[in-house]
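[1] What follows is a predicted protein model with its sequence.
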Amino acid sequence: MPALHMMSHTGQAITLPHDLLQKLASHLRGALLHQESEEYEHARQVWNGLINKHPTLIACCHDQNDVITAVNFARTHNLLLAIRGGGHSVAGHSTCDGGMVIDLSRMNHVSVDQAARVVHVEGGATLADMDQATQAAGLVVPAGAVSDTGIAGLTLGGGIGWLRNLWGLTCDNLLSADVVTADGQCITASHTEHPDLFWALRGAGGNFGVVTRFTFRAYPLKPDVWFTAVYHDGRHMKEVLQFYREYSATAPDEISTATVCGQIPPGSKDFPPELHGRPYVMIVGMYAGSVEKGQQAMQPLRDFRQPLIDFSKATTYLEAQQYFDEDYPAGELRYYWKSLFLAELTDDAIDTLVDHASRQPSPLSGIEILYSGGAVARQDDDACAFAGRKASFLIFVESNWKETRDNDANIAWPCNLISDLQKGGEGSFYLNFSSAFEEQESTMRHNYGKKYQKLMAIKKRYDPTNLFRLNQNIKPG
């Protein structure tokens, strides 16, 4: 391995000699990759095609000891450091230029204690890894809704999916986390051990260490569920959103839903040719319970007006979790997302959404409105760091497109929409649905409000030099 020129976390150039790198490689059970390694090009790729970075070193960790070794090396040599779990960070925080990536993707084991209803998940596992293991035991852990999402980033940012109203956020169901901190120590954070760290891990992102294992509470759920996916004509978007607002207010907790405003992509094999290019507003969601009760409870979403097309059906939980997978291919599209929590979905907000939906620059993009209540709202807002718990609606604006030449228009569209919705800056954002430029200190202070001072103090205790800074960063107090 040749000597390598690298970037420090303060932006200075560093040269690491051959023998030092060889020593690091010899202490890893996994692989240490550099730009001349055969596996490097594949290993440096991340899900978001907008992100094209070239780390100088990638430590592909085999186990927790490898993570400790890599963290100690990065700290000792002041290296710019990124942590990769599933590599699904839309903001691109799981990689960097010129620095070092600690890659946990090989650490993807999931073990299920069926009797105790407890699930242990390594830090590199994806939703697909966890869902398959838990459903084989007749259990579920509340999670997101795209299979290749990393469990680590999802949990640390909150975790919103089809089970939220019944059983809460992913982070609400975290029982403990094994964390490698900036000083190279491995500690367990829970309600009884390092409770301050445990509080911060649930909603404040990857600021405090590398989580090598998550332990979750699980719930029984039979394989078959009712899944609603009904597409209405986009000309009736305001009416549909108003109906969705009223329906959500009285829906049982077993139902978690969203509306999506977009365009049916030209050439889509799933829709009749006469619908291609048509604006739509979709109501989509799942009933976590019996198929019969779910179909009955969600029937109003299908009946209130004549739809363009209705894909609602009885299906399996695993298939429901994969419904959107084809819309978010890894490496093929460019993604730029923004989000905003709203206390209520007012008619003025709906008018703003309808206006901007008519101007989306890519047919692959969309605006998603998620109702959140039930178990999410019943949890004490101070129970963890997560911001946005008391908001009834999450607005998720996603720009998804193919060509570099279209970057500017597709980045501007979600930014302008969220700016118009904010009306001077009220409302928090959701870390997992937010692209770059959310890491300014003023933005983070506003997002966490009164929790921010506590988060800074916890950051100072566990990462006083801000080694873990490639995230929506909270600086040490």
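    Structure's in. What do you need?
[2] Where does pLDDT dip in the stretch 51-200 of the chain?
    Scanning the stretch 51-200 of the chain for pLDDT under 70 picks out no residues.
[3] what about the strands in it?
    For the stretch 51-200 of the chain, the strands defined by DSSP state E, counting those that start in this stretch cover 57-60, 81-84, 100-103, 110-113, 118-122, 139-140, 174-180, 186-190.
[4] TSV for the ones you listed, including distance to residue 286 and mean neighbour count?
    Just so you know, the C-beta spots here come from the backbone N, C-alpha and C atoms, and that holds for glycine as well. Formatted as TSV, the strands of the stretch 51-200 of the chain follow (distance: least, Cβ to Cβ, whole Å; neighbours: other Cβ atoms under 10 Å):
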stretch	distance to residue 286	mean neighbour count
strand 57-60	35	26
strand 81-84	30	28
strand 100-103	32	28
strand 110-113	21	17
strand 118-122	20	23
strand 139-140	11	24
strand 174-180	22	23
strand 186-190	30	17
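[5] For residue 250, find the nearest of those strands.
    When the strands of the stretch 51-200 of the chain are compared by Cβ to Cβ, strand 139-140 sits nearest residue 250, at 24.6 Å.
[6] mind listing what the closest one pairs with, with the direction of each?
    Strand 139-140 sits in its sheet next to strand 219-220 (antiparallel), going by DSSP bridges.
[7] which other residues reach the partner strand?
    Identification of contacts with strand 219-220 by Cβ atoms under 8 Å, 6 or more residues apart in numbering yields 117, 138-142, 163, 167.
[8] quick one: contacts for residue 415?
    For residue 415, the contact set (Cβ under 8 Å, 6+ apart) comprises residue 338.
[9] now swap in residue 256 and tell me
    161-166, 285-286, 288, 371, 374.
[10] And the helix or strand where it lies, what's buried?
    Here residue 256, judged by DSSP states H and E, is contained in strand 255-263. Buried residues in strand 255-263, counted by 16 or more other Cβ atoms under 10 Å: 255-263.
[11] Please dump those into JSON lines; it should also carry distance to residue 423 and pLDDT for every row.
    Output for the buried residues of strand 255-263, formatted as JSON lines (distance: Cβ to Cβ, whole Å; pLDDT from 0 to 100):
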{"residue": "255", "distance to residue 423": "30", "pLDDT": "98"}
{"residue": "256", "distance to residue 423": "27", "pLDDT": "98"}
{"residue": "257", "distance to residue 423": "26", "pLDDT": "98"}
{"residue": "258", "distance to residue 423": "23", "pLDDT": "98"}
{"residue": "259", "distance to residue 423": "21", "pLDDT": "98"}
{"residue": "260", "distance to residue 423": "23", "pLDDT": "98"}
{"residue": "261", "distance to residue 423": "20", "pLDDT": "98"}
{"residue": "262", "distance to residue 423": "24", "pLDDT": "97"}
{"residue": "263", "distance to residue 423": "27", "pLDDT": "95"}
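[12] between these, which is closest to residue 382?
    If you rank the buried residues of strand 255-263 by distance to residue 382 using Cβ to Cβ, residue 256 comes first, at 23.7 Å.
[13] For residue 244, see how far away that closest one is.
    Residue 256 is 13 Å from residue 244, where distance means Cβ to Cβ, to the nearest Å.
[14] Likewise for residue 471?
    Distance from residue 471 to residue 244, counting by Cβ to Cβ: 33 Å.
[15] One more: residue 321?
    Applying Cβ to Cβ, the value for residue 321 to residue 244 is 22 Å.
[16] which one of the two has more residues nearby?
    Taking other Cβ atoms under 10 Å, residue 321 and residue 244 do not tie; residue 321 has more neighbours (28 against 24).
[17] Could you double-check that that one sits in contact with residue 127?
    Yes - look at residue 321 against residue 127 with Cβ atoms under 8 Å: they come within range, at 6.7 Å.
[18] Please state the backbone phi and psi of residue 283?
    Backbone torsions of residue 283, given as degrees, to the nearest 10, read phi -110, psi 120.
[19] and the closest residue to it other than its chain neighbours, what element?
    Excluding the flanking residues, the one nearest residue 283 by Cβ to Cβ, 6 or more residues apart in numbering is residue 301, at 4.8 Å. Using DSSP H and E, residue 301 falls within helix 300-303.
[20] sorry, back to before: now the common contact residues for residue 256 and residue 244.
    Residues touching both residue 256 and residue 244 (Cβ under 8 Å, 6+ apart): residue 371.
[21] buried set for stretch 266-282?
    Buried residues in stretch 266-282 (16+ other Cβ under 10 Å): 271, 279-282.
[22] okay, how far is it across it, tip to tip?
    17 Å (Cα to Cα, to the nearest Å).
[23] What lies in contact with that stretch?
    Against stretch 266-282 from outside (Cβ under 8 Å, 6+ apart): 229-237, 240-241, 259-265, 308-309, 311, 357-358, 363.
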